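1. Need a 3D model of the following:
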Amino acid sequence: MAEIPTQIALECLFCKSTKFEVPNKDYMPQEGEAIKCVNCGELNDVSAIKKVSYEKGKEALSQYIKQLWQKK
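-> As a prediction, this is how the structure comes out:
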């Protein structure tokens, strides 16, 4: 059975990299801000990549719950 997801990384909308240019490691980009992907150089809207990540998280959690119910 799959593990329950505890973290979902923000991914570039273009290349799926999880590395972005930020001023320091503790920096938290704000909604609507654009951050640059280190891998492909594309600018990503923080609101959009968060939305995609939330959806992936919900799907992973949904799959986990379905597996729990199928075991019973």
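2. low-scoring pLDDT stretches of this structure, where are they?
-> Flagging of the chain using pLDDT under 70 yields the residue ranges 1-2, 72.
3. same thing but at 90, please
-> Scanning the chain for pLDDT under 90 picks out 1-9, 25, 60-61, 63-65, 67-72.
4. Helices of the protein, residue ranges please.
-> 46-71 (DSSP state H).
5. Lys71 versus Tyr54, what's the distance?
-> To Lys71, Tyr54 is 26 Å away according to CB to CB, to the nearest Å. Any C-beta I mention is one placed from the backbone N, CA and C, and that applies to glycine too.
6. neighbour count winner among the two?
-> Comparing Tyr54 with Lys71 by other CB atoms under 10 Å, the one with more neighbours is Tyr54, at 11 against 7.
7. quick one, what contacts the more buried one?
-> Each residue near Tyr54 by CB atoms under 8 Å, 6 or more residues apart in numbering is listed here: Ile8.
8. Could you count how many residues lie near Cys12?
-> Cys12 has 21 neighbours, counted by other CB under 10 Å.
9. Just to check, Val22 is in contact with Ala34?
-> No. Counting by CB atoms under 8 Å, Val22 sits too far from Ala34 to count as a contact (11.8 Å).
10. contacts for stretch 21-34?
-> By CB under 8 Å, 6+ apart, the surrounding residues in contact with stretch 21-34 are Phe20, Ile35, Lys36, Cys37, Val38, Leu43, Asn44, Asp45, Val46, Ser47, Lys50.
11. Buried ones in it, by neighbour count?
-> Pro29 (16 or more other CB atoms under 10 Å).
12. From one end of it to the other, what's the distance?
-> With CA to CA, to the nearest Å as the measure, stretch 21-34 spans 10 Å from end to end.
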